[in-house]
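Trainee: what's the 3D shape of this:
(3 chains)
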Amino acid sequence: MSAVALPEIPPARARGESLWRKAARKFARDRLGMVALGVVLAYFVAAVGVWLGWWAMGWPDLTGTKWEAVSGTHWFGTNIIGQDIFDRAIYSTATAFEVGLIVALVATAIGAILGGFAGFFAGTWIDEVLVWLMGVLDAIPFYLFVAAVAYALTDNPWAMHVAMISTFWVGTGRLIRGEVIKLRGMEYVEAAHSIGVPEVVIIFRHILPNTSHILLVQASVMFVGAIKAEVILSFLGLGIKDGMSWGLMIDESTKEVLAGFYNNFLAASLLMFGLVMAFNAVADALQDALDPRKVG
Amino acid sequence: MAGDAAAPVLRVRDLSVEFVTEEGVIRAVDRVSFDVQPNETLGIVGESGCGKTVTGLSILRLIPMPPGRIAGGSIELNGRDLVPLPDGEIEDIRGRDISMIFQEPMTALNPVFTIGSQMADVLCRHRDLTRRQARVVAAELLAKVNIPAPASRLDDYPHQLSGGMRQRVMIAMALSCNPQLLIADEPTTALDVTTQAQVLQQISALQAEFRMAVILVTHDLGVVAETCQRAVVMYCGSIVEAGDVASLFSQPRHPYTAGLLASIPRLRAERLAELPVIPGRVPDLLNLPAGCRFADRCPRVQERCRMERPTLAGTGTGGSLVACHYPL
Amino acid sequence: MEILQYALRKLLGGLPLIVGVTLVSFALMVYFGPDMTYLLLGKNPTPEQILEVRQQLGYDQPFLQRYLGFLREIVTLDFGVASTGEPVTALLAKTIPVSLILILPGFILGHVVGLLMALAAAYWRGRWLDKLIMAVAVTGMSISFLIVIIGFQIVLSSSDGLDLFPVRGWNSTSLGSYLTYVTVPTLATMFVALGYETRFYRSIIVEEMSRDHVRTARAFGLPESRIFFRNILKNCLIPIITRIMFSIPQVAIGGALLIESYFGIPGVGKATYEAIITGDQPVLKAVVSLTAILFVLVVVLTDILYRAVDPRVTIE
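Mentor: The predicted structure follows:
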């Protein structure tokens, strides 16, 4: 029996166009994804305005009386001590972006680097130590970990960020580790190895760039996770210390809600829901656009 | 197709299969026609992506729908068209009148059920048997495909068997209802060379014993030469040449068939010359040329080939058909 | 017997994890943690008193020795006395059962309903029901747990809403009072889990549906419903079991903490929350180490369950 194979030629479509170009094209056609992206950008503009000091600077001021109704001067009314809820909610948008972006970017970077090392050195002690570390971080309940980090940093305002980053990177790390183990066996990596390219260069120049689609999706998932965690941690008194956030507003509103005043609660929760929902939709659309298994 | 007197088991006429993708409709199979006679083995040959597997799958309507769809044509089993049949009736035909075995014996069996249980599922589905009776029949079938100690194998899980053994189990399952037609989609591609030969011999022997027709879908011309009486060569979704294997191999008429044959390495070649390869690439199914789809790669291309698409026509020699304006 | 040996070996394999968790929590909470000296002393302590307390707390000893002391307390289950004066073990024995009966219904419902919704979505995938279920799931995922809790409270328990259940608190002396107090927390827990579980389960079912063996079953004429509910579902069991098992430790602490502190329910979550706020180290130490042990037990149990559902997993 001759094992003759006809030449296996990939269909013309598979070549040429890069993954990113193709993904961008697919994303642009995803109507829901595009609308969601627009919503996220609108939130981002609100946040940028706060950072530049254009608006919402009056959030700590007592500009009215207790529990004023919605009006031209107080778009969302006032809270229990007479502060403007609209300003506070917009200011909190900037806080949400701060937390989300910092945590997502740093945790993704750590996950990529440590996951990349673990995967590249799979089977050696380096991998074993890193996998052990991931297991340990997974095994500690999140809120306890935040509390423990808060202790160690003695009320440092970054305690929450540090705690989120040190736990959030684990998921990305595991995914990247798996992907790198897969990529490590590829011919081009073996070729680089055989001509003596240093291992660090192989990891950062040849392997990690090929996991960027995973990193992008992971970062968007972590952005949402960080915003949601901030709300709960701030409510529990473990989150934002100086400033204002949706979590602190909701914490404040728990006293008002029982008295039948819902503006504070609704403003914070609806704004937060809008951003998280839109970001989830963007993340989904990204995932679809970047999935090479879907026919494109 | 060849004018045999006997009625064919399967008669495929102008079968077209399309897939709807985000970038447009891809016609994976384009107006394909062929007959399968009782007791014969018909080879469907071509490169990967030429539509041969889709052709095999769509006979039993196994392509995922959507995105796939049968866009036209008929598939007649003993004169009864399968294309318009409701889902329930095609389910009755699958595994009973027409069986199919697949390329990857590693993944084709369900990993969490025993061999015996999976065979009994098929037996109880189509034959009026209890689970207990089905086990006995299953063991007999395993013995037929030369699996040693068949009764004890029934309680094994797929991962406990070798690739060749798994493919035999698939064959045994396929035979369980005495089908009229077996469609074998690259049944030996994933196996090592010695196992390949054994499995092919097995299929041929059982074909004679069970008196069934076989469609062998493969990219391997060697397999075709050894097992098939007739073959159709597919390129880019259409048949480019069809005929009996002997004349196809000794006197290929289509330049593509000739190219394929020339690219087979021969053990007793006089010298170690470079293997000729067919230049160029398969065209994009979304952007097919207007004329002959092989024109860009053809050494004999003429102006007419780029303008006008050749149709499959008789050549006068031994009932073979070729789709070429300037056949060899 | 074989299983027992296997379990023991797996437990031993979990030791590095426990060492790691205790090491991290010791380092963060005790070694680098706040100095407890002044908390234990009255006003204006003398230098001698300070030195004495520091010695008592072991602050003058090296890292390793203090860590070993920390480990000894865990191994002997001697966690000391909480800041309320109550022994930690007694506190845990009192609070853990409350958390169990509080969290369990919502946990089970979240997974069961999520799985059912995922089955429906996967079975009719691409149709309107699938789209509707997935839209609901994404919406559910986008609402914060905290907002869900407050929302359910407003709708079900406040005078502006239906006013059917108590606003907060806990009473499990009779089945009737248990049901009135557990309903709102259960609905909130279930609702929050639902979006995530539905999406996860749907994705694994849909992935399993595209496997070769499904095509084989179809090619042999097995009916669609049988393929779906038997051949596909049994293959999904491993990820389903993994998902359920590994969410146990998370829900046990994370879920209980928020629910209990919000509704004022005297479970282990509220005890933990109060310990976090007041810096009650003996309680935190106990909770962290017990969760780590629970985590290892979950890992071992999951491995044993794998063997039961997947013949490819064998004892090495």
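Trainee: which stretches of the chain form helices?
Mentor: All of this refers to chain A. A:19-29, A:31-51, A:85-120, A:125-139, A:142-152, A:159-184, A:187-194, A:199-201, A:212-236, A:246-258, A:263-290 (DSSP state H).
Trainee: looking at chain B here, not the other one
Mentor: Under DSSP H, chain B gives helices at B:52-59, B:87-93, B:105-108, B:115-126, B:131-144, B:150-153, B:163-175, B:193-210, B:221-227, B:245-250, B:255-262, B:303-307.
Trainee: how about the stretch 1-150 of chain C?
Mentor: For the stretch 1-150 of chain C, the helices defined by DSSP state H, counting those that start in this stretch occupy C:2-25, C:37-40, C:47-57, C:63-75, C:88-123, C:128-141, C:145-152.
Trainee: of those helices, which is nearest C:Leu179?
Mentor: helix C:88-123 (9.6 Å; CB to CB). All C-beta atoms are positioned from the backbone trio N, CA, C, and that covers glycine.
Trainee: pull out the buried positions in the closest one.
Mentor: Of all the residues in helix C:88-123, those buried under the rule 16 or more other CB atoms under 10 Å in any protein chain shown are C:88, C:91-92, C:95, C:98-99, C:102-103, C:105-107, C:109-111, C:113-115, C:117-123.
Trainee: ok, is that helix in contact with chain B or not?
Mentor: No - Helix C:88-123 does not reach chain B (CB under 8 Å from any CB of the partner chain); its nearest approach is 14.4 Å.
Trainee: close to chain A: what parts of the stretch 1-150 of chain B are there?
Mentor: B:19, B:21-23, B:46-49, B:67.
Trainee: most neighbours, which of those?
Mentor: Highest neighbour count within those, by other CB atoms under 10 Å in any protein chain shown: B:Gly46, with 27 neighbours.
Trainee: just checking, it touches B:Met234?
Mentor: Yes - B:Gly46 lies in contact with B:Met234 (CB atoms under 8 Å); the separation is 3.8 Å.
Trainee: quickly list what's touching both of those two.
Mentor: Listed as contacting both B:Gly46 and B:Met234 by CB atoms under 8 Å, 6 or more residues apart in numbering or on different chains are B:Lys52.
Trainee: could you find the closest non-adjacent residue to the residue of the stretch 1-150 of chain C found nearest chain B?
Mentor: Distances between the stretch 1-150 of chain C and chain B by CB to the nearest CB are smallest at C:Gly126, namely 7.4 Å. The shortest distance from C:Gly126 to any non-neighbouring residue, by CB to CB, 6 or more residues apart in numbering or on different chains, is to B:Pro66 (7.4 Å).
Trainee: what about the one you found, neighbour count?
Mentor: 9.
Trainee: possible to save the helices of chain A as a markdown table with mean neighbour count, distance to chain C and mean pLDDT?
Mentor: Formatted as a markdown table, the helices of chain A follow (neighbours: other CB atoms under 10 Å in any protein chain shown; distance: least, CB to the nearest CB, whole Å; pLDDT from 0 to 100):
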| stretch | mean neighbour count | distance to chain C | mean pLDDT |
| --- | --- | --- | --- |
| helix A:19-29 | 15 | 17 | 81 |
| helix A:31-51 | 16 | 10 | 91 |
| helix A:85-120 | 23 | 11 | 92 |
| helix A:125-139 | 17 | 3 | 90 |
| helix A:142-152 | 23 | 4 | 79 |
| helix A:159-184 | 22 | 9 | 90 |
| helix A:187-194 | 13 | 26 | 80 |
| helix A:199-201 | 11 | 26 | 80 |
| helix A:212-236 | 23 | 5 | 89 |
| helix A:246-258 | 21 | 6 | 85 |
| helix A:263-290 | 22 | 4 | 89 |
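Trainee: wait, which of these is closest to C:Ser159?
Mentor: Across the helices of chain A, closest to C:Ser159 is helix A:246-258 (CB to CB), at 9.1 Å.
Trainee: quick one: the closest one to helix A:212-236, angle?
Mentor: 40 degrees (axes from the mean of the first three to the mean of the last three CA atoms, to 10 degrees).
Trainee: what does helix A:246-258 rub up against?
Mentor: Residues contacting helix A:246-258 (CB under 8 Å, 6+ apart): A:67, A:79-80, A:85, A:88-89, A:92, A:95-96, A:230-235, A:239-240, A:262-265, A:267-269, A:271-272, C:144, C:146-147, C:150, C:153-154, C:158, C:167, C:262.
Trainee: now the stretch 51-200 of chain A against chain B: closest residue?
Mentor: A:Lys182 (17.9 Å).
Trainee: can you list the domains in chain C?
Mentor: C:2-76, C:96-279 (automatic domain parsing).
Trainee: the last one: end-to-end distance?
Mentor: Read that as domain C:96-279. Domain C:96-279 stretches 20 Å from its first residue to its last (CA to CA, to the nearest Å).
Trainee: what mean pLDDT would you report for that domain?
Mentor: What domain C:96-279 shows for mean pLDDT is 89.
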